[in-house]
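[1] Can you look at this prediction? I've put the sequence above it.
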Amino acid sequence: MKKHRGRTYRKRRRKQSTDFILRIVNLSHRKKYILLMKWLKERGYEDNKLRPAQFSETGRGLMTTKTLQADDLIISLPEKCLLTTDTVLNSYLGEYIEKWIPPVSPLVALCTFLIAEKYTQKTSLWKPYLDLLPESYTCPVYLEEETVNLFPEPLRRKAYAQRQVVQELFLSLQHFFFSLQPLFLESVESVFNYNAFRWAWCTINTRTVYMKHPQKACLSREPDTYALAPYLDLLNHNPAAQVEAGFNEKTRCYEIKTLLHCQKYEEIFIGYGPHDNQRLLLEYGFVAAHNPHSTVHVRTDTLLGYFLKEDRQRPVKVSILQEHRLLEDLTFGWDGPSWRLLTALKLLCLKEDEFTSWKKVLLGDVISQRNENETLDLSTKICISMIEETQYVLQKISLLKTDFMHLASQLTLIEALWSEELKILQLSAEILQGLSSTTV
């Protein structure tokens, strides 16, 4: 006899179904994805597990239509589907790249191909893939200066360095781009402009998978390790993802295998590496919520600002810390202040009669209870000061979002970064408070 369900059960089922619809929107029926799947199938790709979908929390990604067990293949993309330097050299660009001296890098070769193909997108063999690539990115090289100036250190410094690298690389390639004029009816300046180059550079920097290729005589000696992988690059990053990925020489496919059980209709994730949020924003243009690898950096001048210049041993202490590289990468994390931060503080807190024991500090020994207490006290003060600074920046961003509507999406991204850092600092303050109470 069929078991009858009650009204409460039916309501719960309807709510779960509604929540699912609101959370995930299947995109596989849309024309662009249909054309891409047809294009991939013509090149030997077969799949009945993954579907493109829009997720409320992560945006566009891939979901599985089947339950996956550990060691199951997520995706196996044939070599014919990959865009590599072999693709470029076998194209109309090959003869121009082969004769150019000095040789261009693998990165430049791929950038050049992407720019040229996007310019002739309607007739490009890669059109189904190009149609799904973003029109712009949220890496620092794309962000407005007002936004970059809101970055925490050292991200702000790295962001400006990235912008300079891309600009200088573009300027250095002008003569090479001019050599391609015979391929275009229009002036090459209109094809290979900075905006096009920036787009191509970000496409490669954010979307390529690692695939080692043999060194080619017509390219520079820089490592040739790039491969653009259509459809596969829809997979989003999650710090908790556990996968194995690489090119299988036997099957001649780029394969990704999950090491975890995945439920049917779940989003499938991959991991870009154990990167903190500042690195993720710099290289990929996004911030991961609850990223276990994230830390908050403490500036050296902030640290040293808590110690009197009148301390006669201060120059020697700073010299020791510099020699042992203990003024670099000072951080607060989800588990509190880092060992490097506490060690630097302990050494700086040494009294004159304790200074001869500085080597013991580097070994992790306890010098005195006074030194331990003062270290925790200063660490707490620094943490609270950084919490206040972070809250001030978040208030500033909130006001800017109202005043500069055209920067709203960029400011929301930076807001997410600072919000994550605030959570880390607040948790670190709680941890330090607990440590202080146990040492009193």
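    Yes, it's here. Numbers count the residues shown, from 1 in each chain.

[2] and Pro337, backbone torsions?
    phi -70, psi 140 (degrees, to the nearest 10).

[3] wait, what's in contact with it?
    Counting by C-beta atoms under 8 Å, 6 or more residues apart in numbering, Pro337 makes contact with Thr331, Ser379, Cys383, Ser428, Leu432. (Glycine included, C-beta is placed from N, CA and C.)

[4] Roughly how far does it sit from Tyr306?
    Look at Pro337 and Tyr306: by C-beta to C-beta, to the nearest Å, they are 14 Å apart.

[5] What about the contacts of Pro337, which are in helices?
    Mapping the contacts of Pro337 onto helices (DSSP state H) picks out Ser379, Cys383, Ser428, Leu432.

[6] Report the residue ranges of every domain in this protein.
    12-82+229-288, 83-228, 295-439 (automatic domain parsing).

[7] quick check, nearest of the contacts of Pro337 to Ser294?
    Thr331 (9.4 Å; C-beta to C-beta).

[8] any idea where the helices of the stretch 151-300 of the chain begin and end?
    Ranges of helices within the stretch 151-300 of the chain are 155-172, 174-178, 188-191, 194-207, 277-284, 300-304, based on DSSP state H, counting those that start in this stretch.

[9] Deepest in the core, which of these is it.
    Neighbour counts (mean count of other C-beta atoms under 10 Å) averaged over each of the helices of the stretch 151-300 of the chain peak at helix 277-284, with a mean of 21.

[10] which other helices and strands contact that helix?
    The elements that helix 277-284 packs onto, with contact taken as 3 or more C-beta pairs under 8 Å, 6 or more residues apart in numbering; DSSP states H and E, are helix 155-172, helix 194-207, helix 408-439.

[11] switch to 10 Å and redo it
    helix 155-172, helix 194-207, strand 295-297, helix 408-439 (3 or more C-beta pairs under 10 Å, 6 or more residues apart in numbering; DSSP states H and E).

[12] Top of the contacts of Pro337 by number of neighbours, please.
    Neighbour counts for those (other C-beta atoms under 10 Å) peak at Ser428, which has 28 neighbours.

[13] hmm, which helix or strand of the protein has the shakiest average pLDDT?
    Lowest by mean pLDDT, DSSP states H and E among the helices and strands of the chain is helix 7-23, with a mean of 51.

[14] For the helix or strand just after that helix, what is the distance to the chain centroid?
    Going down the chain from helix 7-23, the next helix or strand is strand 24-26, by DSSP states H and E. Its chain's average C-alpha position is 24 Å from that of strand 24-26, according to C-alpha atoms, centre = their mean, to the nearest Å.

[15] List the pairing partners of strand 24-26 within its sheet, with orientation.
    Partners of strand 24-26 in the sheet, by DSSP bridges, are strand 50-55 (antiparallel).

[16] Quick check: end-to-end length of stretch 171-187?
    Start-to-end span of stretch 171-187 (C-alpha to C-alpha, to the nearest Å) is 17 Å.

[17] for the record, mean pLDDT for it?
    Summarised as a single mean, pLDDT over stretch 171-187 is 97.

[18] Off-centre distance for that stretch?
    So, by C-alpha atoms, centre = their mean, the centroid of stretch 171-187 is 32 Å from its chain's centroid.

[19] which residues touch it?
    With contacts defined as C-beta atoms under 10 Å, 6 or more residues apart in numbering, stretch 171-187 is touched by 92-93, 96-97, 99-102, 104-105, 108, 111-112, 115-116, 119-120, 170, 188-194, 197.

[20] Using ChimeraX, define a selection of the buried residues within those.
    Those of the contacts of stretch 171-187 that count as buried under 16 or more other C-beta atoms under 10 Å are selected in ChimeraX with:
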select :93,96,97,100,104,105,108,111,112,115,116,119,170,188,191,192,197
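
[21] Distance check, the residue most central in space within the chain against Ile270.
    The chain has Leu280 as the residue nearest its centroid, 2.2 Å off, counting by C-alpha atoms, centre = their mean. For Leu280, the distance to Ile270 (C-beta to C-beta) stands at 13 Å.

[22] so what's the residue nearest to Gln426 when sequence neighbours are not counted up against?
    Nearest-residue entry for Gln426: Ile387, 6.3 Å, with adjacent residues in sequence omitted and distances by C-beta to C-beta, 6 or more residues apart in numbering. When contacts are counted by C-beta under 10 Å, 6+ apart, Ile387 touches Val296, Phe332, Glu421, Leu422, Ile424, Leu425, Gln426, Ser428, Ala429.

[23] Look at Ile387 and report its pLDDT.
    Looking at Ile387, its pLDDT stands at 98.
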